[in-house]
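Asker: this one's structure only:
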């Protein structure tokens, strides 16, 4: 029956801890699928909290690659994320959409085939990211080698990763991605609507957005009894500020199937965040979707692509009940000053700097860009009842 298919945010689950798992520096465990989950070690009535942060499209176009070059064939992207690091570090888990391939040597290229230095992964890890999803339309820009090298590189840096796999055996073993944090057991799924018409070379796998397959995967995730199921999709129309009917229908079906959160990327602009209702058997249930987070970092010149949002979602768990506590957006601007004669790229959180000129010596034209983008994002998202989380410098 349909009511039995829907997993509610308040549905009770067994408690699990993040003990007895392999952990990265961030303390996130990724167990192998064939071992039993660790037993909950705390008091059964204690309350636990979880803060997730989702960032939009992480792109690396040619001007960004050139900006990161430091000579001698070396690249350093670490400064690009120095301003956003304090915010990402407030998350228990920070998740990003890596929309490029990573290679060990040149040639590096931007659009239409994104081939970037591996050092990008190190910079993302050093600045607070914990998990990267890799199923997107540029996953095959460097062929099967780029697909697998990207995955291997980010996993070597200590990331959790999902969405692409070297073969079917690895996918069977590692998917759905299950990880543990703060006593929460979390399942994460990732899919893309296409790969720019590039055939997926055997035996590699890029998860495609097939609604029936996703429902099957959600059912498999439910069998593992997680506290949360999250689906991260690469979908929608590029540069469209509003989600389309297909996105709405897919999101609804996935929520009914059991996904607590649906998060989107690909349009490169911020689309609505909606907490909507489904009526089943005369009962109303809420479901939360962030249709597109926009660009986290890029050099795209088109309208509304100069930034995006971090989507923050907070949960609590008490007496085996998981509840959505709150959700907020954090506007992030692409800040591009000239420094020592070179164009630099920064992912800049807006709220710590917009009313504090002492915090950052920002040229007037860049400050005007920041204020204009902030006004657009706030007007756009406030219509849907989502509030901003503002940070002080």
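Answerer: Yes, it's here. None of the values given here were measured: they were computed from a predicted structure. Residues are numbered from 1 along each chain as shown.
Asker: helix, strand, or coil at residue 186?
Answerer: strand (DSSP: H, G, I helix; E, B strand; the rest coil).
Asker: that one - how many residues pack around it?
Answerer: With neighbours defined by other CB atoms under 10 Å, the count for residue 186 comes to 26. Any C-beta I mention is one placed from the backbone N, CA and C, and that applies to glycine too.
Asker: residue 118 too?
Answerer: So residue 118, with other CB under 10 Å, has 19 neighbours.
Asker: next one: residue 228
Answerer: The burial count for residue 228: 23, using other CB under 10 Å.
Asker: distance-wise, check it relative to residue 165.
Answerer: Separation of residue 228 from residue 165 (CB to CB, to the nearest Å) stands at 22 Å.
Asker: right, and residue 137 touches residue 194 too?
Answerer: Yes. Taking contacts as CB atoms under 8 Å, residue 137 lies within contact range of residue 194: 5.6 Å.
Asker: so which of those two has more stuff around it?
Answerer: More neighbours surround residue 137 than the other of residue 137 and residue 194, with 19 against 14 (other CB under 10 Å).
Asker: three-state assignment of the more buried one?
Answerer: coil.
Asker: just the pLDDT for the closest residue to it other than its chain neighbours.
Answerer: The shortest distance from residue 137 to any non-neighbouring residue, by CB to CB, 6 or more residues apart in numbering, is to residue 196 (4.9 Å). Per-residue confidence at residue 196 stands at 96 (pLDDT).
Asker: next SSE after the strand or helix carrying residue 369?
Answerer: Here residue 369, judged by DSSP states H and E, is contained in helix 364-382. Once helix 364-382 ends, the next helix or strand along the chain (criterion: DSSP H and E) is strand 387-388.
Asker: who does that following strand pair up with?
Answerer: The strands that strand 387-388 pairs with in its sheet are strand 321-335 (parallel) (by DSSP bridges).
Asker: tell me the mean pLDDT over stretch 273-282?
Answerer: 83.
Asker: hmm, I typed the wrong one, I wanted stretch 386-393.
Answerer: 91.
Asker: again, but for stretch 169-177
Answerer: 97.
Asker: begin at 11 from now on, thanks
Answerer: Sure thing, new numbering starts at 11, so read that last one as stretch 179-187.
Asker: in it, what counts as buried?
Answerer: The neighbour-count check on stretch 179-187 (16 or more other CB atoms under 10 Å) flags 181, 184, 185, 186, 187 as buried.
Asker: apart from its chain neighbours, what residue comes closest to the first one?
Answerer: Counting by CB to CB, 6+ apart, residue 175 is the residue found nearest to residue 181 once chain neighbours are left out, at 4.1 Å.
Asker: can you pull out the strands in the stretch 261-403 of the chain?
Answerer: Taking DSSP state E, counting those that start in this stretch as the test, the strands found in the stretch 261-403 of the chain are 271-275, 283-290, 293-300, 305-307, 317-328, 331-345, 348-349, 352-353, 356-359, 397-398.
Asker: so which of those strands is the most surrounded?
Answerer: Highest mean neighbour count among the strands of the stretch 261-403 of the chain (mean count of other CB atoms under 10 Å): strand 305-307, with a mean of 29.
Asker: what lines up beside that one in the sheet?
Answerer: strand 58-68 (parallel).
Asker: show the average pLDDT along the strand it pairs with.
Answerer: On average, strand 58-68 scores 98.
Asker: on the C-terminal side of it, identify the next helix or strand.
Answerer: helix 72-78.
Asker: how distant is that following helix from the center of its chain?
Answerer: 23 Å (CA atoms, centre = their mean, to the nearest Å).
Asker: what lies in contact with it?
Answerer: 85-87, 90, 118-121, 126-127, 129-130, 307-309, 352-355 (CB atoms under 8 Å, 6 or more residues apart in numbering).
Asker: cool, and stretch 83-90?
Answerer: By CB under 8 Å, 6+ apart, stretch 83-90 touches 70, 74-75, 78-80, 116, 127, 129-130, 132-134, 136-137, 307, 354-357.
Asker: coming back round to it: the residue nearest to residue 181 reaches residue 185, doesn't it?
Answerer: Yes. Checked against CB under 8 Å, the pair residue 175 and residue 185 is within contact range at 7.1 Å.
Asker: any idea how far residue 98 is from residue 276?
Answerer: Distance, residue 276 to residue 98, by CB to CB: 21 Å.
Asker: of those two, who's got more company?
Answerer: The neighbour count for residue 276 versus residue 98, taken as other CB under 10 Å, is higher for residue 276 (24 against 21).
Asker: just list the residues touching that one, thanks.
Answerer: 67, 109, 146, 147, 202, 203, 244, 245, 246, 248, 302 are the contacts of residue 276 under CB under 8 Å, 6+ apart.
Asker: what about the third one, distance to residue 138?
Answerer: Distance, residue 146 to residue 138, by CB to CB: 21 Å.
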